[in-house]
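# Provided below for reference: sequence and predicted model.
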Amino acid sequence: MKSVIDILDLSVQELYEMMDVAIDIDAHPAKYAHKCDGKKLATLFFEPSTRTRLSHEAAMLELGGSVIGFSGAQNSSAAKGESVADTAKTVSCYADIIAMRHPVEGASLVAANNASIPLINAGDGGHCHPTQTLADLLTIYREKGTLSGLKIGMCGDLKYGRTVHSLINAMTRYEGNEFVMISPQELALPDYAENALRKAGVPFKVTTSLEESIPELDILYMTRIQKERFDDPDEYERLKDSYSLTVDKMEMAKPDMAVLHPLPRVNEISVKVDDDPRACYFKQCLNGKLMRMALILKLLDEAGTPGHSGYWEKGEVHMGGICPNKKCIMRTEQELEQKYYIDEEGNKRCLYCDTLILN
Amino acid sequence: MKSVIDILDLSVQELYEMMDVAIDIDAHPAKYAHKCDGKKLATLFFEPSTRTRLSHEAAMLELGGSVIGFSGAQNSSAAKGESVADTAKTVSCYADIIAMRHPVEGASLVAANNASIPLINAGDGGHCHPTQTLADLLTIYREKGTLSGLKIGMCGDLKYGRTVHSLINAMTRYEGNEFVMISPQELALPDYAENALRKAGVPFKVTTSLEESIPELDILYMTRIQKERFDDPDEYERLKDSYSLTVDKMEMAKPDMAVLHPLPRVNEISVKVDDDPRACYFKQCLNGKLMRMALILKLLDEAGTPGHSGYWEKGEVHMGGICPNKKCIMRTEQELEQKYYIDEEGNKRCLYCDTLILN
Amino acid sequence: MKSVIDILDLSVQELYEMMDVAIDIDAHPAKYAHKCDGKKLATLFFEPSTRTRLSHEAAMLELGGSVIGFSGAQNSSAAKGESVADTAKTVSCYADIIAMRHPVEGASLVAANNASIPLINAGDGGHCHPTQTLADLLTIYREKGTLSGLKIGMCGDLKYGRTVHSLINAMTRYEGNEFVMISPQELALPDYAENALRKAGVPFKVTTSLEESIPELDILYMTRIQKERFDDPDEYERLKDSYSLTVDKMEMAKPDMAVLHPLPRVNEISVKVDDDPRACYFKQCLNGKLMRMALILKLLDEAGTPGHSGYWEKGEVHMGGICPNKKCIMRTEQELEQKYYIDEEGNKRCLYCDTLILN
């Protein structure tokens, strides 16, 4: 059963096909309005995420299907101590496809391995959130006409930002892209991510100044800087304005630069920028829904075909290893077998959360 | 985009048309069962209100549409600090019409101004709750055959009761109505509301006795008296029974008096009154659903037509002013422009929550 | 209006008919896909129970109907002090059938008595949970080809387990069944239940050893043993493993023994048993959905026909009596008339929660 846990579970070719479908849905919605008649999506949200949940639900409804589910752990059997695996097996009796959000890293993979229906990872802790990246990719593709040869500024929290890492991974697969990493030092891109870019031969530069780098960008991907990330609150107060996008800073940008943001936005983009035609973050919402429609169609189409799942391509899988990540599903799921794989550089990584296993 | 924030956003003529549609829906439901096929209602309930939410959802489903949404703030992006405006813009990508409930006064207007789809205010704090008044109006119309020439008793909490003020405003537009305001002094109708009635030339009297006034009433509108409203709990204990409707008191009323209550009822109407044919509060539920169906049909019908929104008729709008209401959306929404209008009496009022601005 | 509060509200004949329908639905789902077009199920869950809720919702959707409702008390009007009766009357305006879960015993009966649409009891405190028993019965019927002549082991918490008592009651109606009651002494079947079995002439034995009794069983019904039930935590630690089903214990069982569990499972069945073809607890989920479909169809079919409700057959009903059960709806519902009935043995029992009234 094919499921999508990580954006890399979808090949470049598959992504192009899905974008074509999404654009066709937007142009001819009536053609798709009954594609999923009689099908049910289960939205299993073990933590609240209204936007992501509503986007999946709207997607399914616009395909003619219907929705069951829950929107927070307090309303789920998890409160009674049920395992993720059992929830997945049970819900497979009730629905045709699952969209799952869970605070624990690797939970979506464990669920996918136990479900007898396809599963979409709608976010598993700080690990993966592939459908956000689908929204990002379609937005870039529609705004710029290409996914190649772009200078992309990633601004804000590059250390913890799950969507940042995922978009970098995704855009690295297209030719000729360059990155500008814009953040305070406290929130710089982790070393392993920089190393991966170097190894892949992708040019990037690192800067602390949004103002200086904005003129050269084709894409500006904004994210939120959270006060809690700073040891020194004064440091946050001193820095936050320089990573906030204002009308003034927009004046320095190219006339066709596209501004993206995964939302929700708090104050890192001024409301006054919303009227600028280069502000694409609400279009991203629409694109996210369209790509989720394309993904649901694809996974239900392929639900009959056997076995392939992208994550097995990570590398050779072995039993054993002890995952050091305290937020990994290994720590909470009962009787879950510890497994690891060998990555391209020969390192052991936890199969569930991809954390490096040292020993 | 036309939205309904306040009952006064709908003209007397529009209300009559909607009541005709509601009555026709009740008689011929099959005619309407597919009017909203493929349409989606988003129920954005930032605080719980089961009855109001289910009524909107049932209304949309009976028109053939479907529903997405949330039923309490803990499950929404608001917990992450998202503005009402951004939520409205986002949800406009997912649905065709919004029904929104929010604890903050004026929140629904801000949402309506930012949504690209019509919005129904399903209650914004103590400010407005127009669809409850729609239920009240249809109930009076069906029970009495008219909205004019009625003697209407308003009983209970007339000070804080949002539905009371809204129904008074609505009924004042029809000719020949008189009011009897029945409440303890602690919960009497506010001065400004009394003044508005005097100015409009609507006869009313004020009394503390339900028992004495019940014989003359055509309509008795009951509301709950909450213990928390009293400075002195003993005073509450001493008074509560006299504002409770019992079988004994019903015997003193006209044989065709109609009893209304916005529900939920706690103990202000005895359960034994339910079997009296004059008890109309559960019919109100049904009528509420029918009027919401008529409203959804109307707003979706008019969704293509430009710009008119009732609230602009309040008076001339200006920038500036400082709203003194601590529960106003001005206090919480980021970068929201302060605006006021000049009411009929020449006073400045906050555009969002209608609070008087003194200065 | 017929409602189902207790499994005994359905006759043996009715249960066979429903099982036939359920099996036919499984074989020919398309035949049933539009049986409930335009109908609405209200899921009123005053406490969370994801599995039960989703099963009812999936059932209704697969019949072509739609769903409204809530999934926890914090989102309902109950928080404002509304009575169960009023909620039932109100929701009768919005839906065609109700599935209700409530923490208070007897709440579902009070709701059914006030609703003008059929009601399915989806669990009322520790009292009844008939649709779980429907799932159990169909699973036994499909696995063994009969509901008669079986040796049934009930294992775990036989004292508090609502599903245990309900299944015993249900299976006692079929000929030739025998029970083996397997539990620690702290959690043994209550005396009144043992007496009822003796009176009905149903053979049973009582044991503390799962290992010794497993070889002779046709059915093993597992339930969870909760640590909180033990006065002495050490006693729990000492005992728990012996009531846990493992691959080793399965080797001692008959090759065609069926293992059932009402789920959620915590650790009383090893995950490794899941792959054993005799493990039927996930099939139970599917069967539960199918039986709920059959029940919805039956109740909507009969919704036009007057008055009969199974619980009136309990015995002659009288006004008065004081129910000693602190979790009974009598304690919380306003103006609810105390009623009792005389059971087969001449005892007075509370009409709402069936508790013995001593006086």
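Good, I have the coordinates.

# make it CA atoms for all contacts and neighbour counts henceforth
OK.

# Which strands or helices does the longest helix belonging to chain A pack on?
Assignment by DSSP state H gives helix A:281-301 as the longest helix of chain A. Counting contacts by 3 or more Cα pairs under 8 Å, 6 or more residues apart in numbering or on different chains; DSSP states H and E, helix A:281-301 packs against helix A:12-27, helix A:50-62, helix A:130-144, strand A:258-260, helix B:84-91.

# Spatially, what comes nearest to the closest residue to chain B within the stretch 201-350 of chain A if we skip its sequence neighbours?
Here the residue of the stretch 201-350 of chain A nearest chain B is A:Leu286; by Cα to the nearest Cα that distance is 5.3 Å. Excluding the flanking residues, the one nearest A:Leu286 by Cα to Cα, 6 or more residues apart in numbering or on different chains is B:Cys93, at 5.3 Å.

# burial count for the one you found?
Per other Cα atoms under 10 Å in any protein chain shown, the neighbour tally for B:Cys93 reads 22.

# How about the backbone phi and psi for it?
The phi/psi pair for B:Cys93 (degrees, to the nearest 10) reads phi -80, psi -20.

# Then A:Arg198?
Dihedral angles (degrees, to the nearest 10) for A:Arg198: phi -60, psi -50.

# just A:Gly153 next, same as before
Torsion angles, degrees, to the nearest 10, at A:Gly153: phi -90, psi 130.

# beta partners of it?
A:Val180, A:Leu220 (DSSP bridges).

# ok, it to A:Thr223 distance?
From A:Gly153 over to A:Thr223 the distance is 11 Å, taken as Cα to Cα, to the nearest Å.

# now the closest residue to A:Pro103 other than its chain neighbours: how far from A:Asn325?
Leaving aside its sequence neighbours, A:Pro103 sits nearest to A:Gly125 (Cα to Cα, 6+ apart; 4.2 Å). Distance, A:Gly125 to A:Asn325, by Cα to Cα: 12 Å.

# These two - which one has more neighbours?
A:Gly125 (21 against 16).

# Show the contacting residues for that one.
A:Gly125 sits next to A:102-105, A:327 when contact means Cα atoms under 8 Å, 6 or more residues apart in numbering or on different chains.

# mind running it again at 6 Å?
A:103-105 (Cα atoms under 6 Å, 6 or more residues apart in numbering or on different chains).

# remind me which residues of chain A are low pLDDT?
A:1, A:73-80, A:304-313 (pLDDT under 70).

# Helices of that one, start to end?
Under DSSP H, chain A gives helices at A:12-27, A:29-32, A:50-62, A:84-91, A:107-114, A:130-144, A:162-171, A:191-199, A:210-213, A:233-239, A:247-251, A:281-301.

# okay if I get the contacts of A:Gly125 as TSV plus neighbour count?
As requested, these are exported to TSV (neighbours: other Cα atoms under 10 Å in any protein chain shown):
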residue	neighbour count
A:Pro103	20
A:Val104	23
A:Glu105	25
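
# Within range of chain B, give me the residues from chain A.
For chain A, the contact set with chain B under Cα under 6 Å from any Cα of the partner chain comprises A:48, A:50, A:58, A:264, A:266, A:286.

# Relative to B:Thr87, how far out is A:Val247?
Applying Cα to Cα to A:Val247 and B:Thr87 gives a distance of 22 Å.

# So if I had to pick from the two, which one is more boxed in?
A direct count of neighbours by other Cα under 10 Å for A:Val247 and B:Thr87 places B:Thr87 higher, at 21 against 15.

# if we can go back for a sec, list the buried residues for the longest helix of chain A?
Neighbour-count burial for helix A:281-301 flags A:281-300 (criterion: 16 or more other Cα atoms under 10 Å in any protein chain shown).

# And stretch A:200-219, by the same measure?
Across stretch A:200-219, burial judged by 16+ other Cα under 10 Å covers A:202, A:204, A:206, A:208, A:210-211, A:213-219.

# Which members of those define the maximum pairwise distance?
Comparing all pairs in these by Cα to Cα, the longest separation belongs to A:Val202 and A:Glu211, at 23.1 Å.

# Report the contact partners of whichever residue of the stretch 51-200 of chain A sits closest to chain B.
Here the residue of the stretch 51-200 of chain A nearest chain B is A:Ala58; by Cα to the nearest Cα that distance is 5.5 Å. A:Ala58 sits next to B:Tyr94 when contact means Cα under 6 Å, 6+ apart.

# Tell me how many other residues crowd A:Asp157.
A:Asp157 has 25 nearby residues by other Cα under 10 Å.

# contacting residues around it?
A:187, A:225.

# mind redoing it with 7 Å?
With Cα atoms under 7 Å, 6 or more residues apart in numbering or on different chains as the criterion, the residues that contact A:Asp157 are A:183, A:187, A:223-225.

# In PDB, could you pull the C-alpha coordinates for stretch A:88-105?
Taking C-alpha atoms only, stretch A:88-105 is exported to PDB below (Å, rounded to 0.1, in the frame of the first residue of the first chain):
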ATOM      1  CA  ALA A  88      -4.500   2.600  12.100                       C
ATOM      2  CA  LYS A  89      -5.800  -1.000  11.900                       C
ATOM      3  CA  THR A  90      -9.200   0.000  13.300                       C
ATOM      4  CA  VAL A  91      -9.700   3.100  11.100                       C
ATOM      5  CA  SER A  92      -8.800   1.000   8.100                       C
ATOM      6  CA  CYS A  93     -12.300  -0.600   8.700                       C
ATOM      7  CA  TYR A  94     -14.000   2.700   8.500                       C
ATOM      8  CA  ALA A  95     -12.300   4.700   5.800                       C
ATOM      9  CA  ASP A  96     -10.600   4.500   2.400                       C
ATOM     10  CA  ILE A  97      -7.700   6.800   3.100                       C
ATOM     11  CA  ILE A  98      -6.100   8.500   6.200                       C
ATOM     12  CA  ALA A  99      -4.600  11.900   6.700                       C
ATOM     13  CA  MET A 100      -2.800  11.800  10.100                       C
ATOM     14  CA  ARG A 101      -1.200  14.400  12.300                       C
ATOM     15  CA  HIS A 102       0.700  13.300  15.400                       C
ATOM     16  CA  PRO A 103       3.100  15.100  17.800                       C
ATOM     17  CA  VAL A 104       5.400  12.100  17.900                       C
ATOM     18  CA  GLU A 105       8.100  11.700  15.200                       C
END
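
# the domain parsing of chain A - what is it?
For chain A, the structural domains run A:7-129+A:286-301, A:144-283, A:318-350, going by automatic domain parsing.

# Can you tell me which of those domains is packed in deepest?
domain A:7-129+A:286-301 (a mean of 22; mean count of other Cα atoms under 10 Å in any protein chain shown).

# chain center to that domain, what's the gap?
The chain centroid and the centroid of domain A:7-129+A:286-301 are separated by 13 Å under Cα atoms, centre = their mean, to the nearest Å.
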